[in-house]
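A.B. asks: give the three-dimensional model of this entry:
(chains A and B)
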Amino acid sequence: MELFLQQVLNGLMTGSTYAVVALGFSLVFSVMRVVNMAHPEFFMAGAFGAFLTITYVTRNVLGVFVGGMAVALVVGLMVERLAIRPVRGRYIMIPFIATSGVGITLQHGAERLFGSDPVLVPPVIPSVSYNLGPLSVTRMQLVTLATAAVLMLALRYYVRNTKWGRATRAVAERPDVAAAFGVDVNFVSRLTVGISALMAGAAGVTIGLLYTSAWAFMGLLFGLKSFVCMLVAGNRHIEGVMVIGLLLGVLEALVSGYITSTLRDAVAFGVLVVVLVFKPKGLFGSYDV
Amino acid sequence: MSILLRVTDLEVMYGPVPAVAGVGLEVPEGEIRAILGANGAGKSSTIKAILGLLKTRAGTVEFQGRPIHGLPTHRIHQLGIAWVPEGRQLFSTLTVHENLEMGAFARGNGARFPAKLDEVFALFPQLRERQAQVAGSLSGGEQQMLAIARALMAEPRLLLMDEPSLGLAPKVVRRLFEQIQEINARGLSILMVEQNARQALKIAHYAYLLEVGRLMGEGPARELEASEDVKRVYLGG
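C.D. replies: The predicted model follows:
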């Protein structure tokens, strides 16, 4: 029982990071019908941003988050301008290919800049752990969970309760009508990709700090898994994507705790296959493309 | 009387096909003008070109004496043109209240918002009780009311209405046209596209007859109503 609870707890910590990355991915897809294949690179940019900030600027935790998220934001706005805005509204494969191209360029650009070996992200969060009865949780895990919780609640608030959030939902449903009521759809595009980049960047910072490393291709597996979360949940409800992200983390932790950690990365794809066979539109429904 | 909207020699392509070929029309301040014609006559394309949603290939669109063709759609709206699209096209996952807030998007949710909301609810009282409901759950008639209410929230100078009667029961249509007349009586100019020529001619001051993208005739609504040609072609005998 203790092992079970401990694994659930660990899983929630990782899962919250999946959820954050998947949410941005899903947000961009539902608002602009663009599968942004460069999204995982926002996550990678966040981790390198953390590395650069710690190395050259500050070891203050908040500062490191700001630095990582800022780097991700710059990369995000670049991708929006180059590969999303010019092809928005076209047949779905066109932005898919355009963003894939930019994504690959970003990976190899990072490899050029930082080398193909992981760089060390110096630890800025002391490795302290707290005991909750029989369970233990590290400070790093708490930071991860808190970051994810803040980002998810902020996104929910933004989408539901703000003027631009409402406009974003309007654009998601009917871009032409939204434009005819004064919404600058290009601005919504920048805003949406920017938000997704900030979120993925923050996730990149937490993962960089957790593994004390950043590398050019770290987005691949993480990005694929967040893609899986979106497909499994469907992109209609952001709450659905949050839940699936958390569940995936838990499921992975249980598989590595009870079966073998070598199967850990297979969990997401196994779940995907099963879900797509029985519910091709995802568990909570999807927009048609 | 000053001319609010002037369209001159408008040409619009719909893909590779010309949808509008050399249409000219005017909307003077305070009038209801109608564009009549069958399906595929280019009525909607004309409206969409005015809104900047379709590119014009040739011709000009002037609003209050200022050329607006080529401007992005959101800028055209900000100048004072609101749209009631064909088939309502509500934001169906947003609530009724949120749809009305979207209507006022360009105006901002300033101090005048509640007063404007009351004004719109006075015209369409059913909407008041349904504010918290998602727009997609309304009946057809209520959806049309919301589509108009949403446009009115923008406090436009000109209202473009695309097939407001489409898919509504005759009784609902009659009531709707009364409401449109009421809106016009309060000083809002309207350009309306309709297949239901009989109803449209009853409330319009002036109408244009469109056939496969070309203007086939125009005139005061009373004269058109009485004309034998118009009766045969547009009013079904």
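
A.B. asks: quick one: buried residues of the helix or strand harbouring A:Gly270?
C.D. replies: Remark: A:Gly270 resides in helix A:266-278, with elements defined by DSSP states H and E. Counting neighbours by 16 or more other C-beta atoms under 10 Å in any protein chain shown, one finds that the buried residues in helix A:266-278 are A:Val267, A:Ala268, A:Val271, A:Leu272, A:Val275. For glycine as for every other residue, the C-beta is placed from the backbone atoms N, C-alpha and C.

A.B. asks: same question, stretch A:94-104
C.D. replies: A:Pro95, A:Phe96, A:Ala98, A:Thr99, A:Val102, A:Gly103.

A.B. asks: contacting residues around it?
C.D. replies: A:34-41, A:79, A:82-84, A:86-88, A:219 (C-beta atoms under 8 Å, 6 or more residues apart in numbering or on different chains).

A.B. asks: check contacts around B:Val193.
C.D. replies: If you count contacts by C-beta under 8 Å, 6+ apart, then B:Val193 has B:Ala34, B:Ile35, B:Lys43, B:Ser44, B:Thr46, B:Ile47, B:Glu86, B:Leu160, B:Met161, B:Asp162, B:Glu163 around it.

A.B. asks: what's the closest non-adjacent residue to whichever residue of chain B sits closest to chain A?
C.D. replies: The nearest approach of chain B to chain A comes at B:Ala106, 3.0 Å away (C-beta to the nearest C-beta). Closest residue in space to B:Ala106, ignoring its immediate chain neighbours: A:Gly182 at 3.0 Å, by C-beta to C-beta, 6 or more residues apart in numbering or on different chains.

A.B. asks: go on, B:Ala58?
C.D. replies: B:Glu11 is the one closest to B:Ala58 (C-beta to C-beta, 6+ apart), at 4.1 Å.

A.B. asks: other SSEs contacting the helix or strand hosting that neighbour?
C.D. replies: Element membership for B:Glu11 (DSSP H and E) is strand B:3-14. Packing partners of strand B:3-14 (3 or more C-beta pairs under 8 Å, 6 or more residues apart in numbering or on different chains; DSSP states H and E): strand B:17-28, helix B:43-50, strand B:56-63, strand B:189-194.

A.B. asks: about what we covered before: which secondary structure state is assigned to the residue of chain B closest to chain A?
C.D. replies: Classification of B:Ala106 using DSSP: H, G, I helix; E, B strand; the rest coil returns coil.

A.B. asks: if we can go back for a sec, so what secondary structure elements neighbour the helix holding A:Gly270?
C.D. replies: Using 3+ C-beta pairs under 8 Å, 6+ apart, helix A:266-278 sits against helix A:219-233, helix A:238-258.

A.B. asks: nearest to chain B, of these?
C.D. replies: Judging the helices and strands packed on helix A:266-278 by C-beta to the nearest C-beta, what sits closest to chain B is helix A:238-258, at 12.5 Å.

A.B. asks: on that earlier part again, redo the helices and strands packed on strand B:3-14 as a markdown table? Include mean pLDDT.
C.D. replies: Output for those, formatted as a markdown table (pLDDT from 0 to 100):
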| stretch | mean pLDDT |
| --- | --- |
| strand B:17-28 | 94 |
| helix B:43-50 | 95 |
| strand B:56-63 | 96 |
| strand B:189-194 | 96 |
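
A.B. asks: and of the ones you listed, who's closest to B:Val212?
C.D. replies: When these are compared by C-beta to C-beta, strand B:17-28 sits nearest B:Val212, at 8.1 Å.

A.B. asks: if you count contacts, what does the closest one end up packed against?
C.D. replies: Looks like strand B:17-28 contacts strand B:3-14, strand B:32-36, helix B:43-50, strand B:56-63, strand B:189-194, strand B:206-211, strand B:214-220 (3+ C-beta pairs under 8 Å, 6+ apart).

A.B. asks: tell me the phi and psi of whichever residue of the stretch 1-150 of chain A sits closest to chain B?
C.D. replies: Among all residues of the stretch 1-150 of chain A, A:Ser30 sits closest to chain B, at 10.5 Å; criterion: C-beta to the nearest C-beta. Here is the backbone geometry of A:Ser30 (degrees, to the nearest 10): phi -70, psi -30.

A.B. asks: count the neighbours of it for me.
C.D. replies: 24 (other C-beta atoms under 10 Å in any protein chain shown).

A.B. asks: ok and the residue in chain A nearest chain B?
C.D. replies: A:Gly182 (3.0 Å).

A.B. asks: and what about that residue, helix, strand or coil?
C.D. replies: Applying three-state DSSP: A:Gly182 is coil.

A.B. asks: distance-wise, check it relative to B:Leu210.
C.D. replies: Going from A:Gly182 to B:Leu210 by C-beta to C-beta, to the nearest Å gives 28 Å.

A.B. asks: who has more neighbours out of those two?
C.D. replies: B:Leu210 (25 against 22).

A.B. asks: that one bridge partners, please.
C.D. replies: Going by DSSP bridges, B:Leu210 is paired in beta bridges with B:Leu215.

A.B. asks: that one touches B:Gly40, doesn't it?
C.D. replies: No: look at B:Leu210 against B:Gly40 with C-beta atoms under 8 Å: they stay out of range, at 10.0 Å.

A.B. asks: tilt between the helix or strand A:Gly103 falls within and helix A:219-233?
C.D. replies: Assigning secondary structure by DSSP H and E places A:Gly103 in helix A:93-114. Computed by axes from the mean of the first three to the mean of the last three C-alpha atoms, to 10 degrees, the angle separating helix A:93-114 from helix A:219-233 equals 150 degrees.

A.B. asks: which ones are touching the nearest residue to A:Phe269 once chain neighbours are set aside?
C.D. replies: The shortest distance from A:Phe269 to any non-neighbouring residue, by C-beta to C-beta, 6+ apart, is to A:Val228 (6.6 Å). The neighbours of A:Val228, taking C-beta under 8 Å, 6+ apart as the test, are A:Leu248, A:Ala268, A:Phe269, A:Val271, A:Leu272.
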